[in-house]
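Trainee: Sharing a sequence plus its predicted fold:
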Amino acid sequence: MLCYPAIRATSSGVWIGDNPLDFSFPLLIYQITIIFIFCRITHFFLRRFSQPVAISQIIAGVMLGPSVLGRYGKFEEIIFNQRSSQQLNTVGLLFFMLFLFMVGVKTDVTMIPKAGKKSVAIAILSSVLPASIVLLVARLQESHLPPSFRQGGILVNLAFKWSRTSYTVISCALAELELLTSKLGRVAMSASLILDVANLFVTSAIGGYLLSSRHDMPGKGVVSVLSFFAFLFFVIFMARPFIVWVIRRRTPEGALLDEACFMMVIFIALGCGLISEMIGFHATMGPFVLGLVLPGGAPLGVTVVEKMDGLVTGVFLPVFLASAGLRMDLAKLTDFNQWGLLEAYIIMLTLAKLIGVMLPCLYCKMPLRDALTVGLMMNARGIFEVDTAIRWHENKVVDDQLYTVVILSIIIIGGGTAPLVTYLYHPEDRFVAYKRRTVQHSRRGDELRVLACIHSQDNVAPIITLLEASHPIVDAPICVYLLHLVQLVGRADAILVPHKRHRSSPSSDTDRIVNAFRFFEQQHPSSVSIIPYICISPYATMHDDICSLALDKKITLVILPFHRNATIDGTLATAHAALQAINCNVVRYAPCSVAILIDHGLTAAGTAAPALTGGGRPFQRIAVYFLGGADDREALAYAARMAEDPAVGLTVVRIVPPPEWRCDGGKDELLDDEMVDEFRRERLEGERVQYREEVAKDGADTVRVIQETNSGGRVSTLVVQQQTRVRSTQAESPRAVRPVGRQVAPVNGKYRGNENSGF
């Protein structure tokens with residue numbers, strides 16, 4: 001037992017001789033500041049090696065502890081001394097509890113009933129196999145184990161705690177690796193969530209059994225189990241309905257929780273932590289269970305992330321993780337027989353868990369590389385194992401030496417799995433290896449399968465107008481897979497599911513978007529079919545969902561809104577960097593053609609009023625600027641389909657270099673000529689469908705041609721492509737040789753453009 005003199009919380013200032021570091025509150029601020037800075041610096045260097053944030057923060061704690069800087073007596077004596085460790089640990093544990101509440105709120109427990117047999121098999125075998133092997137070997141070696149192993153029960157604790165995979169660790173690790181939406185990531189997430197929920201009941205049962213055995217009073221064990229189920233009843237049937245009722249009454253649609261409502265939720269979460277301590281569980285269990293039963297997403301999940309995420313995960317959670325490293329001392333590794341034996345058991349458990357994951361994966365015909373990747377994901381170590389190690393240390397399950405071994409194992413395994421997963425698994429590879437479907441190679445009269453991506457209701461009208469111009473008829477129908485893209489906020493798991501309207505729930509943005517497309521479908525019976533989906537995903541990996549759906553549904557054309565919206569005067573607003581990244585990634589990996597729709601508004605100043613056809617429909621004039629290449633051929637094929645509509649006029653302008661610059665054509669030039677010749681032979685139709693050739697020497701000349709062909713705003717839609725550059729022997733400025741698809745946007749703000757990249 002260590003005794004320290006009582007110290008005051010705050011100092012009176014240096015001007016009267018007080019040293020602020022001799023008082024608890026200034027010292028705590030100083031400790032948090034140093035930990036924050038060291039964690040940032042450490043992760044700045046380690047992130048280049050794909051190291052998780054949690055591992056970097058533990059290593060920062062090791063550097064501040066007795067293993068490195070703490071070896072200098074003054075540093076440890078003044079800053080991270082024994083008397084101040086309790087308050088630092090208390091602050092870290094409090095915010096770790098709030099962090100688990102956040103994770104619980106962001107978790108969708110409906111993943112459990114939706115989990116396939118593969119995830120269930122992985123969850124069972126990956127926990128039962130390693131635990132059984134460790135317990136069996138420990139039983140066989142019982143007489144040869146050191147006394148500290150038998151007295152503390154370290155191997156039994158290791159078997160039960162390390163054989164499971166924490167959903168918290170998996171979700172954080174996959175989010176950092178941008179694999180939340182990947183196929184293998186979803187499998188690992190489902191399996192780990194099953195393990196976490198099952199662990200609650202297993203822990204309750206084991207705790208009741210041990211309590212009965214220890215006191216030789218079966219009644220106490222029964223009361224312990226009943227108190228756990230009473231707590232679940234309180235959380236599910238009392239706390240949850242009350243919180244949901246208050247939120248619905250006080251929070252308007254689309255708004256965040258007000259301050260009073262938010263604080264009420266936090267106090268209930270803290271109360272659940274107190275109750276869980278009273279019934280024999282750790283304080284973190286209560287808030288986590290409460291978070292699980294509460295609805296994620298807007299408004300609760302979004303509010304929790306907005307108000308707590310930066311403070312908890314950015315400032316105070318590093319304190320909790322670094323405090324684990326501060327306790328560790330490499331100088332304590334003196335008895336190889338003890339720490340070497342524990343390390344051997346940890347390696348054995350890790351390998352057994354890897355095999356336990358891979359066996360059901362291989363049985364389900366998963367490739368060996370993917371099965372190994374899932375096994376590495378399920379072996380991720382992080383904050384859950386750190387919390388377990390701290391509890392073992394405080395409860396004397398492990399001494400200083402064995403605690404150091406456990407923390408080192410967390411660093412090595414957690415720091416090793418992340419870069420291996422990054423090296424082994426590239427979700428985009430399956431798109432790159434797939435032969436792209438194109439409009440050009442679709443047979444005339446085939447159903448055109450379109451994936452229309454929507455970010456907001458502003459994108460609805462332009463895309464419907466484009467689909468209307470695509471000439472849907474019974475003999476050449478259009479099947480539209482409508483995908484509403486929503487940024488993942490307030491949830492830990494990404495989803496990609498068919499949209500289903502629930503009559504009991506209020507109308508959402510997705511419902512209103514789907515209703516608009518349903519009306520479009522009703523206007524074109526038997527020629528247009530709408531199949532709505534909703535994708536809730538981080539912007540960084542949203543392209544993976546888009547490409548996956550395009551691959552699974554055999555999509556021919558993906559339509560994406562441009563990342564800059566039109567302002568009221570028809571000009572383009574500031575670019576949205578995240579949406580621009582999505583578009584670029586879809587263009588890079590899509591297994592089909594991609595069209596990026598630039599909308600300049602329907603009533604931009606200077607646009608000529610559209611004439612009406614005999615059927616009363618507005619007549620649209622479309623222009624295609626053909627410079628050559630696969631993308632231009634695809635653009636021409638799509639425009640030719642649009643021109644089959646009598647209410648659409650098409651002008652194809654082929655831009656060619658001067659005769660003296662022309663050379664013998666290669667394969668691309670021959671395909672261009674064949675495409676243009678076929679178009680002229682089959683599609684030309686008087687004034688409605690026209691073809692012309694223009695000579696351009698450079699990029700500026702090309703822009704002049706575009707301006708001249710659309711003088712007076714006669715063209716309502718431009719179909720161009722992004723990648724072709726004008727051939728020129730002259731040195732030109734970067735602006736002059738920019739891709740034509742980028743040139744068109746600023747040239748004329750009077751049209752509704754369609755920029756095709758990969759099109």
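Mentor: Everything's here; your move.
Trainee: Can you tell me the SS state at Lys697?
Mentor: coil (DSSP: H, G, I helix; E, B strand; the rest coil).
Trainee: oh, I was asking about Ile530
Mentor: Going by three-state DSSP: Ile530 is strand.
Trainee: Please apply the same query to Asp544.
Mentor: helix.
Trainee: unless I'm mixing things up, it is touching Gly185, no?
Mentor: No - the criterion here is Cβ atoms under 8 Å, and Asp544 misses it with Gly185 at 9.6 Å. All C-beta atoms are positioned from the backbone trio N, CA, C, and that covers glycine.
Trainee: ok, which stretches of the stretch 151-300 of the chain are helices?
Mentor: In the stretch 151-300 of the chain, the helices defined using DSSP state H, counting those that start in this stretch lie at 154-162, 167-176, 183-215, 218-234, 240-250, 259-278, 285-293, 300-304.
Trainee: mean confidence score for the second one?
Mentor: Taken as a whole, helix 167-176 has a mean pLDDT of 91.
Trainee: cool, the fourth one as well?
Mentor: The pLDDT scores in helix 218-234 average 86.
Trainee: Also the fifth one?
Mentor: In this model, helix 240-250 carries a mean pLDDT of 91.
Trainee: what's the angle from it to helix 218-234?
Mentor: 20 degrees (axes from the mean of the first three to the mean of the last three Cα atoms, to 10 degrees).
Trainee: In helix 240-250, which residues are buried?
Mentor: Arg240, Ile243, Ile247 (16 or more other Cβ atoms under 10 Å).
Trainee: and the nearest residue to the first one once chain neighbours are set aside, how many neighbours does it have?
Mentor: Put plainly, it is Arg240. Counting by Cβ to Cβ, 6 or more residues apart in numbering, Val293 is the residue found nearest to Arg240 once chain neighbours are left out, at 4.7 Å. Around Val293 there are 19 other residues, counting by other Cβ atoms under 10 Å.
Trainee: Go through the helices of the stretch 151-300 of the chain and pick out the most buried.
Mentor: Each of the helices of the stretch 151-300 of the chain was scored by mean neighbour count; the highest is helix 285-293, a mean of 26, by mean count of other Cβ atoms under 10 Å.
Trainee: CA atoms only for that helix, dumped as CSV, please.
Mentor: Coordinates of the C-alpha atoms in helix 285-293 are reproduced here as CSV (Å, rounded to 0.1, in the frame of the first residue of the first chain):
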residue,chain,number,x,y,z
MET,A,285,-21.5,-2.5,-20.0
GLY,A,286,-24.5,-0.3,-19.1
PRO,A,287,-23.9,2.6,-21.5
PHE,A,288,-23.0,0.2,-24.3
VAL,A,289,-26.2,-1.8,-23.9
LEU,A,290,-28.3,1.4,-23.7
GLY,A,291,-26.6,2.6,-26.9
LEU,A,292,-27.3,-0.7,-28.7
VAL,A,293,-31.1,-0.5,-28.1
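Trainee: Touching it from outside, list them.
Mentor: 97-98, 100-107, 109, 197, 200, 231-232, 235-236, 239-240, 268-277 (Cβ atoms under 8 Å, 6 or more residues apart in numbering).
Trainee: go again using 7 Å as the cut-off
Mentor: 97-98, 100-105, 107, 109, 235-236, 239-240, 268-269, 272-273, 275-276 (Cβ atoms under 7 Å, 6 or more residues apart in numbering).
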